[in-house]
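Enquirer: Whatever this is, show me its structure:
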Amino acid sequence: MAQTILHKAETRGHANHGWLSSYQSFSFAGYYNPDRMNFGALRVLNDDTVDGGMGFGEHPHDNMEIISIPLEGDLEHRDSMNNMAVIKNGDIQVMSAGTGIYHSEYNSDEASDVKFLQIWIYPNKRNVQPRYDQLTLNLEDRHNKLQQVLSPNADDAGVWIHQDAWFHLGKFDKDITTEYKIKKQGNGVYAFILNGEVEINGQVLNSRDALGIWDTDQFTIKANSEAEFLLIDVPMKF
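Expert: Here you go, the predicted model:
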């Protein structure tokens, strides 16, 4: 029997720093909820909006796989590996922090906000050599189907990380239904709805709601309206 946990959008933590509005699915910085520490290897899912001309100053990370998925606007990235890049809607960015990196993120457009998802995954290897990658995805590949955007395999579709994790993005028309097969025994899926109304195994979810599902091999996804969503398939024990 499948196990599930429902996280409604309004139950997330929220930090408003003036220049940054961050909705946090799991405990992060000033938001602490002992019942919301992680979902398996998924440690952080922050839904961030950065004001024009503002950003995150240089700060350190280590032993974490860090994924950014831009939703609106352009985000400039700089890091201690001498990478300088801009990520925008349709891109995905990954960093393996490993032995340690510093990076900064900045919205150089004074007139527009940047919206992006910041995701942290616990790695299955510690103290690896830090690495950076980004990829521009074909948005058509998620129209009424599931587009793989991350996996454990450098030769597979999307970017890769040091963990048995898979990410898929979908942009479905109303009434489109599909089956998702969990990629590895012992994994679960955290489904995060970007917009619209989606039904997973009979549970109705709206924009920014999330459903964790595990102890099953597969589940049904149905779009009750035009909808976009992210599936994060991760080990429940790691």
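Enquirer: Wait, Leu194 touches Ile69, no?
Expert: No. Using C-beta atoms under 8 Å, Leu194 is not in contact with Ile69, being 9.4 Å away. In this view, the C-beta of every residue, glycine as well, is placed from N, C-alpha and C.
Enquirer: could you list every residue that touches Asn124?
Expert: Counting by C-beta atoms under 8 Å, 6 or more residues apart in numbering, Asn124 touches His162, Gln163, Asp164, Pro235, Phe238.
Enquirer: Quickly name whichever of those residues is closest to Asp215.
Expert: Proximity of the contacts of Asn124 to Asp215 (C-beta to C-beta) peaks at Pro235, which lies at 13.1 Å.
Enquirer: From Met1, how far out is that closest one?
Expert: According to C-beta to C-beta, to the nearest Å, Pro235 and Met1 sit 20 Å apart.
Enquirer: With Phe116 instead?
Expert: When C-beta to C-beta is the yardstick, Phe116 and Met1 sit 36 Å from each other.
Enquirer: Of those two, which one has the most company?
Expert: Legend: neighbour count by other C-beta atoms under 10 Å for Phe116 and Met1, higher for Phe116 (24 against 5).
Enquirer: Show the contacting residues for the more buried one.
Expert: For Phe116, the contacting residues are Asp48, Val50, Ser68, Ile69, Pro70, Leu71, Gly73, Leu75, Ile87, by C-beta under 8 Å, 6+ apart.
Enquirer: so what's it closest to, chain neighbours aside?
Expert: Among residues not flanking Phe116 along the chain, Pro70 sits closest, at 4.4 Å (C-beta to C-beta, 6 or more residues apart in numbering).
Enquirer: before we move on, the earlier item: got the contacts of Phe116 as JSON lines, with neighbour count columns?
Expert: Listed next are those as JSON lines, based on neighbours: other C-beta atoms under 10 Å:
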{"residue": "Asp48", "neighbour count": "21"}
{"residue": "Val50", "neighbour count": "24"}
{"residue": "Ser68", "neighbour count": "20"}
{"residue": "Ile69", "neighbour count": "23"}
{"residue": "Pro70", "neighbour count": "20"}
{"residue": "Leu71", "neighbour count": "17"}
{"residue": "Gly73", "neighbour count": "20"}
{"residue": "Leu75", "neighbour count": "25"}
{"residue": "Ile87", "neighbour count": "22"}
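Enquirer: follow-up on the earlier one: between which two of the contacts of Asn124 is the distance greatest?
Expert: Among the contacts of Asn124, His162 and Pro235 lie farthest apart (C-beta to C-beta), at 12.1 Å.
Enquirer: Surely Asp133 is in contact with Val94?
Expert: Yes. Using C-beta under 8 Å, Asp133 makes contact with Val94 at a distance of 5.2 Å.
Enquirer: joint contacts of these two?
Expert: Shared contacts of Asp133 and Val94, defined by C-beta under 8 Å, 6+ apart, are found at Val159, Trp160.
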